[in-house]
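*Asks:* Here's a sequence, model it:
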Amino acid sequence: MLTAALLAVPGITALSSAARAADADLAVNGGFESGLSGWTCTAGSGMTVNSPVHSGSSALQATPLGSDDAQCAETVTVRPNAQYTLSGYVRGSYVYLGASGTGTTDVSTWTQSAPDWQKLTTTFTTGASTTKVTIYTHGWYGTGAYYADDLSLVGPGASADQPPAAPTGLTAGTVTSSSVALSWTAATGATSYAVYRDGVKVQTPAGTSATVTGLSPSTAYSFQVTAVNAAGESAKSAAVTATTTTGSSGGSTGLPAHALVGYLHASFANGSGYTRLADVPDSWDVIDLAFGEPTSATSGDIRFNRCPVTQCPNVESDADFKAAVKAKQAAGKKVLISIGGANGQVQLTTTAARDTFVSSVSDIIDTYGLDGLDIDFEGHSLSLDANDTDFRNPTTPVIVNLISALRTLKAKYGARFVLSMAPETFFVQMGYQYYGTGKWGGQDPRCGAYLPVVYALRDDLTLLHVQDYNSGPIMGLDNQYHSMGGADFHIAMTDMLLTGFPVAGDAGKVFPPLRPDQIAIGMPASTNAGNGYVAPSEVTKALDCLTKKTNCGSYTPHGTWPALRGLMTWSVNWDRYSNWEFQKNFDAYFG
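*Replies:* All right, here's what the predicted structure looks like:
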């Protein structure tokens, strides 16, 4: 009979003893004995006082102004679908006590006049996904100080098997042409977080900050973050939008405005003869030491073995070689290790191979005191998996691991680290027509395989010098095929890099243009060096057309790029063999 009577009384809810035992006062520092710890008051309106107090030694005093109601608030972690009782003692005219963010109906109660301490009480039930509510007290505009003490929120505490609430306070900090720094407020109970870029999860940091990299210049991105614990993932935070900058000038590596790049046969001999590093003329601004090669295709273990005296009788000693590196650097030149070449297949199929690549390349750079790294992967080093169809989000291990490795090396050595690449046209410009195995399969999976690497590292990349030689016909942006042998081929291939192009004809997947200071045109130094040699007069035509839009042939480029970085050639040795014809033409053109 007693139970029935209780149930008949309006507003009384029967609770089990277990439920009652789970209830607790969730308000932190509700008696203000620890100052304002846990509480935030608007416009600095709140303070603690020793008199008057309801109990203990302290109470809250807050003074509304003409434009501020002196609200003091605290955010409390709660359970979804649970009932809570909010109460507290107040004193003064027009004093309010309430809760917001309940997920159901927000509540408040108030008193018009409390010359002495008066208790205010209200109740609410949280919504199905509510894990945090804000409790508050405030006065009324311009009505004088009010007091509050012994505030409590009684109900079930947050469960350990409940995901955290969504993080708050997401803001964008430093923005560059390829990255955005984010930070947010910690979520109670979170063990990690997940960062979303345009709705796609891109990072899972442990702390309350992250830098999202690999972004395109001058592009707006939307970011959100969630909180994670063993029970799952919270809802997403409010979104913040940031637009990347247009990109840097590329001058941080100390290259001249126009640079001559050449490969130096440092580990082998051929018909061109061995050229000592100290004997390379000052005209050469970047010298790529050819080659560092792997111990096996998939090991990631790169070794740089200098040409043995049995093959190169005039080879210098290690000491003299290192001294020559320092002398070149003192003269403002850059000396890089080039990895790969025709015989150096490098396939970073595992993260272990990736890490070995980083450590072994670092050893070479540190041993010889080099300025950076050139990637000259050819043959079957890079190949796309059949389901890897978007160059912006690669999934093929050899691609993903290479990108990761190069980012690690760039981060290790800093802004002045020179990173260059020398892909063949098949791996880059051919991507205008075909990408990987294609929509229906059957295509060469290597086609366009450099595009995701260049795209991901475009703001870390110092130079891209595609090999405009040993190439078959390639379709240009005029949808005509262009073949080696004249200026038009170099103009069309370079225009694609500086204009950008849809990959595999997909207008929704456009490879963005690179900066002109990142581009050097790759050419053979002589007829002996490789197929596709053009006479100095054709080199001049190509440079005139691309930098001045004069002297153009049948192909008209989409812009004019006087900041084009320069020329690359295979090789220093072959140019010496041909009485420095390539070097002399470069010097005559750029001065």
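
*Asks:* can you give me the offset of stretch 420-427 from its chain's centre?
*Replies:* Put simply, stretch 420-427 sits 23 Å off its chain's centre (CA atoms, centre = their mean, to the nearest Å).

*Asks:* model confidence over that stretch, on average?
*Replies:* The pLDDT scores in stretch 420-427 average 97.

*Asks:* Can you dump the C-alpha atoms of it in CSV for me?
*Replies:* Output of stretch 420-427 as CSV, limited to C-alpha atoms (Å, rounded to 0.1, in the frame of the first residue of the first chain):
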residue,chain,number,x,y,z
SER,A,420,64.1,16.2,-56.5
MET,A,421,62.5,13.6,-58.7
ALA,A,422,63.3,12.4,-62.2
PRO,A,423,60.4,10.2,-63.4
GLU,A,424,59.9,9.2,-67.0
THR,A,425,57.1,10.7,-69.1
PHE,A,426,55.2,7.3,-68.9
PHE,A,427,54.9,7.7,-65.1
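
*Asks:* which outside residues touch it?
*Replies:* The contact list for stretch 420-427 (CB atoms under 8 Å, 6 or more residues apart in numbering) reads 261, 286, 288, 336, 338, 372-378, 382, 446-451, 453-454, 461-468, 470-472, 474, 493, 522, 568. For the C-beta atoms, the positions are set from N, CA and C on the backbone; glycine is no exception.

*Asks:* Check which residues of that stretch are buried.
*Replies:* By neighbour count on 16 or more other CB atoms under 10 Å, the buried set for stretch 420-427 is 420-427.

*Asks:* Then stretch 406-414?
*Replies:* For stretch 406-414, a neighbour-count test (16+ other CB under 10 Å) marks 406-410, 413 as buried.

*Asks:* neighbouring contacts of that stretch?
*Replies:* For stretch 406-414, the external contacting residues (CB under 8 Å, 6+ apart) are 213, 358, 361-362, 365, 372-373, 375, 417, 419, 453, 456-457, 460.

*Asks:* Also stretch 254-262?
*Replies:* 280, 283-288, 332, 334, 416, 418, 420, 462-463, 465, 517, 520, 525, 563-572, 575, 583, 586-587, 590.

*Asks:* what about V195, is that helix, strand or coil?
*Replies:* Here V195 is strand, with the state taken from DSSP: H, G, I helix; E, B strand; the rest coil.

*Asks:* Could you tell me which residues make contact with it?
*Replies:* Contacts of V195 were listed using CB under 8 Å, 6+ apart, and they are 182, 201-205, 210, 212, 223-225.

*Asks:* if we can go back for a sec, taking the contacts of stretch 254-262, please make a PyMOL selection of just the buried ones.
*Replies:* Remark: buried members of these, expressed as a PyMOL selection using 16+ other CB under 10 Å:
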select buried, resi 280+283+284+285+286+287+288+334+418+420+462+463+465+517+520+525+564+565+566+567+568+569+570+571+572+575+583+586+590
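
*Asks:* So which of the contacts of stretch 254-262 are in strands?
*Replies:* Taking DSSP state E, the ones among these that sit in strands are 286-288, 334, 418, 420, 463, 520, 566-570.

*Asks:* Relative to N305, which of these is nearest.
*Replies:* For the ones in strands among the contacts of stretch 254-262, the minimum distance to N305 (CB to CB) is 16.1 Å, reached by D288.

*Asks:* Hmm, that closest one is touching S267, no?
*Replies:* No: with contact defined as CB atoms under 8 Å, D288 does not reach S267; the gap is 11.7 Å.

*Asks:* Excluding chain neighbours, what is closest to the spatially most central residue of the chain?
*Replies:* What sits nearest the mean C-alpha location of the chain, by CA atoms, centre = their mean, is T213, with 0.5 Å. Counting by CB to CB, 6 or more residues apart in numbering, T213 lies nearest to S179, which is 4.5 Å off, once chain neighbours are set aside.

*Asks:* From Q203, how far off is that neighbour?
*Replies:* When distance is defined by CB to CB, to the nearest Å, S179 is 12 Å away from Q203.

*Asks:* what sits in contact with each of these two?
*Replies:* In contact with both S179 and Q203: V212, using CB under 8 Å, 6+ apart.

*Asks:* which residues of the chain score low on pLDDT?
*Replies:* 1-22, 158-161, 214-217, 246-252 (pLDDT under 70).

*Asks:* How are the helices of the stretch 201-350 of the chain distributed by residue range?
*Replies:* Using DSSP state H, counting those that start in this stretch, the helices assigned to the stretch 201-350 of the chain run over residues 318-330.

*Asks:* Mind jotting down where the strands sit in it?
*Replies:* Under the criterion DSSP state E, counting those that start in this stretch, strands of the stretch 201-350 of the chain are mapped to 209-212, 220-229, 232-233, 240-243, 259-265, 286-294, 302-303, 334-341.

*Asks:* circling back: let me know whether the residue nearest to T213 touches T219 as I believe.
*Replies:* No: the criterion here is CB under 8 Å, and S179 misses it with T219 at 11.7 Å.

*Asks:* More neighbours: the two, which one.
*Replies:* Neighbours were counted for S179 and for T219 using other CB atoms under 10 Å; S179 has more, 16 against 13.

*Asks:* Roughly how far does the more buried one sit from I403?
*Replies:* Taking CB to CB, one finds S179 at 14 Å from I403.

*Asks:* With T126 instead?
*Replies:* Distance, T126 to I403, by CB to CB: 45 Å.

*Asks:* what does F268 give?
*Replies:* 29 Å.

*Asks:* For burial, what's the neighbour tally of the nearest residue to F501 once chain neighbours are set aside?
*Replies:* Distances taken as CB to CB, 6+ apart put Y432 closest to F501, at 4.8 Å, once the chain neighbours are dropped. Look at Y432: counted by other CB under 10 Å, it has 21 neighbours.

*Asks:* circling back: would you turn the buried residues of stretch 406-414 into a markdown table with distance to G139 and secondary structure?
*Replies:* Below are the buried residues of stretch 406-414 laid out as a markdown table (distance: CB to CB, whole Å; DSSP: H, G, I helix; E, B strand; the rest coil):
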| residue | distance to G139 | secondary structure |
| --- | --- | --- |
| L406 | 60 | helix |
| R407 | 55 | helix |
| T408 | 57 | helix |
| L409 | 60 | helix |
| K410 | 57 | helix |
| Y413 | 59 | helix |
